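In: After the sequence you'll find the predicted model.
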Number of protein chains: 2
Amino acid sequence: MTNPAQNGHPSKSEEGARSPADEERAKMPAPSAPSRPYADLDTPSVIVDLALLERNVAEMAGLAREAGVALRPHVKTHKTPRIAAMQLDAGAAGLTCAKVGEAEALAGAGFTDLFVCYPIVTRTKARRLSALAARPGLSLSTIVDSPAGVAALSAAFADAPEPLETLVKVDTGLGRVGVAPGAAAVDLARTVAAAPGLRFGGVCAHEGFAYGLPDPEERAAAARAGAATLAATAEELAAAGLPAARVSVGATPGASALAATPGVTEVRPGNYVFYDAMQAGLGVVPLERCALRVLVTVVSHAARDRAIVDAGSKTLTSDQGAHGLASAGGFGAVVGREDVRIERLSEEHGWLRLDPAGSDVGIGETLEVVPVHACPVANLAHELVIVR
Amino acid sequence: MTNPAQNGHPSKSEEGARSPADEERAKMPAPSAPSRPYADLDTPSVIVDLALLERNVAEMAGLAREAGVALRPHVKTHKTPRIAAMQLDAGAAGLTCAKVGEAEALAGAGFTDLFVCYPIVTRTKARRLSALAARPGLSLSTIVDSPAGVAALSAAFADAPEPLETLVKVDTGLGRVGVAPGAAAVDLARTVAAAPGLRFGGVCAHEGFAYGLPDPEERAAAARAGAATLAATAEELAAAGLPAARVSVGATPGASALAATPGVTEVRPGNYVFYDAMQAGLGVVPLERCALRVLVTVVSHAARDRAIVDAGSKTLTSDQGAHGLASAGGFGAVVGREDVRIERLSEEHGWLRLDPAGSDVGIGETLEVVPVHACPVANLAHELVIVR
């Protein structure tokens, strides 16, 4: 995969001025210059510690390399071309997107190997995909979990010069998107292989259930079981004459167990670039490893046990975990102030509960908050400020 | 207050290309042309029913007019200059903002009477306020709830040509921002009156506790009690030689009780322009009155009792109510499909729980969702699509 950051000349978007790609790109926060003075930042600001980011990126790349699987990180966590470039520099084989809009923005920024890991079922979105696939040098793939999805993609790609690489999404336990493992997956793969304009590319699953398992051993065992289920389906496919070139799994919790499962060919973790209080709550990493923090200011302190900071649900989001699970207490962890709890959020207010026997905060004081869930926080931010 | 929509020549922002005002403005969704075909919309799209919006705007304006109080609606709900203009056309006296950035964006769009109802305590933000106040013809006001806030504002406005109209924020029961009613408020008002660059402008409270009271009579009584507490503090201030020109209350639930309380001079509801499933859950309005909806597509239906739509927490948000309260079941109401529940959200997935004995949905089908909390949904949207 070409890394546009290496030659400094990312190709420009070919879309019109108000294309969905432009809209998506406008949303992608652009990292500020590292030289921007940390203390002069207005609040709330979303900051990213560069040393931690680099370490997180390098470690996951090393994990995939040692396991001998491809790393195709999910960009929905950061939506930032410069961070995507860091992931490719570290050895990632390509990028995973949650939306056609994310893929359009990345293609516009010059990235050339994109996996839209979301079921496309409408004519509008399938046509956006085929317009994207028509870009010179772009390698595009996606998923299906229904004959309706196969039909929508086939209609848009039947006349394309190259067939669309299409993976069958399998539900290995999350209970969200995907057909059942085994026979149902083989049936759908056969439908893909027979559809004009499509090429069967393999199988794919997301082990999001790992977010509900706080015990590390239980989590690793569940991740392994999920990946093994997908690998077994790949064997059934091979026996049916439909070899799965890609056996793709992904989630940050349990990533090492996933990557080490025999038969797996690629992993798609996303959150690991930043980590967050949810991952710390699960014991995936200590809180100190979380690269994304929100700089906030204490704006009110009207009672001894209560203070208010200038970040609420429009900055920290009301997420209490992934997939609707509650994996962390409160709405963020105040760095170095374990006795201070973020108890409630209004839209622009974070309610701190202070222990009257513990440390106090002062009006005007700046605090660093590790959010519960970094992905929607980065999505809301106009910019990510890189700090060293 | 000048309504820039009336002459069609809103003044331009005087800030530089990357000012906070520009950033905020970039975030404000611009309504699309009403002629945009509804059925051709890609999903997820945030749509606003114009007839309902107009009715909601007119009814609240009528309520304030009949009560003889000023209406200063909170723009944090829509962040959209065209909707702010509708509110002024209907009789609003000015606009309330939750952030300096919102006020900067509205000033840039030509609005001239802005109330920043948030405690400003840092030099950076106080200077942004004084830069804003220096615009010709702009009437600006704000709040304080601490001597530290008074000091920060006074330092920024001591040399300004006009003093800053500063209200004392009073906590009448929400337990968030604000000094205690009575003596504490009088003390802080005295500090304001003595501070160079500031002019004491009155008292202000937010009856957000109304969101925790599902019984309409109990809610109205609590709203009345909160407003009466604020009015009593205003009387104490008058007796102390510090007359409160503005006695400002605000919340959509309980708005009529608030406006009718003797001594109140202005109301600041925000959510009413759209309403949402939370307000419907509280019985403030029926669900049919909610003007903002999210158009979603069913993208997966892998089990009889489960389907997935293409709007998750990055579209609907994980809010289950205001101020961290849970006032609505689930994560949104599917219009006309009471037997379908939005049970969980991933970032780009909404999990529908279907009643096997109830109605089914089909892959590719479009549904309308009234979100639990409209304000953060509008905040996340790139655009609001006006439909008739």
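Out: It's in.

In: State the distance from residue A:108 to residue A:114.
Out: Distance, residue A:108 to residue A:114, by C-beta to C-beta, to the nearest Å: 11 Å. All C-beta atoms are positioned from the backbone trio N, CA, C, and that covers glycine.

In: Residue A:221 too?
Out: 32 Å.

In: Could you do residue A:345 as well?
Out: On the measure of C-beta to C-beta, residue A:345 and residue A:114 end up 34 Å apart.

In: what does residue A:379 give?
Out: Going from residue A:379 to residue A:114 by C-beta to C-beta gives 18 Å.

In: Same question for residue A:332.
Out: 32 Å.

In: Pick out whichever of residue A:108 and residue A:114 has more residues nearby.
Out: Set residue A:108 next to residue A:114 and count neighbours by other C-beta atoms under 10 Å in any protein chain shown: residue A:114 wins out with 27 against 22.

In: May I have the lengthiest strand in chain A exported as PDB, CA atoms only?
Out: Assignment by DSSP state E gives strand A:292-303 as the longest strand of chain A. The C-alpha trace of strand A:292-303 is given here as PDB (Å, rounded to 0.1, in the frame of the first residue of the first chain):
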ATOM      1  CA  LEU A 292      -5.700  10.700  24.100                       C
ATOM      2  CA  ARG A 293      -6.700  13.000  26.900                       C
ATOM      3  CA  VAL A 294      -9.100  16.000  27.200                       C
ATOM      4  CA  LEU A 295      -7.700  19.100  28.800                       C
ATOM      5  CA  VAL A 296     -10.400  20.700  30.900                       C
ATOM      6  CA  THR A 297     -10.700  23.700  33.200                       C
ATOM      7  CA  VAL A 298     -12.500  23.800  36.600                       C
ATOM      8  CA  VAL A 299     -15.100  26.600  36.000                       C
ATOM      9  CA  SER A 300     -17.300  26.300  39.200                       C
ATOM     10  CA  HIS A 301     -16.900  24.900  42.700                       C
ATOM     11  CA  ALA A 302     -20.000  25.900  44.500                       C
ATOM     12  CA  ALA A 303     -19.900  23.100  47.100                       C
END
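
In: Direction included, what does that strand pair against?
Out: strand A:45-49 (antiparallel), strand A:306-309 (antiparallel), strand A:366-370 (antiparallel) (DSSP bridges).

In: Domain-wise, how is chain A divided?
Out: A:52-271, A:278-387 (automatic domain parsing).

In: Report the contact partners of residue A:350.
Out: A:296, A:308-312, A:316, A:331-332, A:342, A:344, A:369 (C-beta atoms under 8 Å, 6 or more residues apart in numbering or on different chains).

In: Please check those and keep the buried ones.
Out: Neighbour-count burial (16 or more other C-beta atoms under 10 Å in any protein chain shown) is assigned, among the contacts of residue A:350, to A:296, A:308-312, A:316, A:331-332, A:342, A:344, A:369.

In: Just give me the closest of those to chain B.
Out: residue A:344 (3.4 Å; C-beta to the nearest C-beta).

In: Is the closest one bridged to anything, and to what?
Out: Under the criterion used (DSSP bridges), residue A:344 bridges to residue A:351.

In: residues in the stretch 1-150 of chain A within reach of chain B, list them.
Out: A:20, A:23, A:26-27, A:40, A:42-43, A:76, A:98-99, A:118-122, A:124-125, A:145-146, A:148-149 (C-beta under 8 Å from any C-beta of the partner chain).

In: wait, what's in contact with residue A:113?
Out: Per C-beta under 8 Å, 6+ apart, neighbours of residue A:113: A:1, A:93-95, A:138-139.

In: I should have written residue A:319 there, sorry.
Out: Residues counted as contacts of residue A:319 (C-beta under 8 Å, 6+ apart) are A:372-373, A:376, B:313, B:318.

In: Could you identify the most distant pair in the residues you listed?
Out: A:372 and B:313 (11.5 Å; C-beta to C-beta).

In: out of those two, which sits in the busier spot?
Out: residue A:372 (30 against 27).

In: Name the helix or strand for that one, please.
Out: Assigned by DSSP states H and E, residue A:372 belongs to neither a helix nor a strand.

In: likewise residue A:219?
Out: Per DSSP H and E: helix A:216-239 holds residue A:219.

In: contacting residues around that helix?
Out: A:170, A:172-173, A:181-183, A:185-186, A:189, A:202-205, A:207, A:209-210, A:213, A:243-244, A:247, A:249, A:251, A:253-258, A:260-264, A:282-283.

In: Now for the residue in the stretch 1-150 of chain A that chain B sits nearest to, how many residues are close by?
Out: Sorted by distance to chain B under C-beta to the nearest C-beta, the residues of the stretch 1-150 of chain A start with residue A:148, at 4.2 Å. With neighbours defined by other C-beta under 10 Å, the count for residue A:148 comes to 19.

In: Please apply the same query to the one 10 residues further on.
Out: Residue crowding around residue A:158 was assessed by other C-beta under 10 Å; the count is 13.

In: Tell me where the stretch 51-200 of chain A has strands.
Out: A:70-71, A:95-97, A:113-119, A:139-144, A:164-169, A:198-204 (DSSP state E, counting those that start in this stretch).
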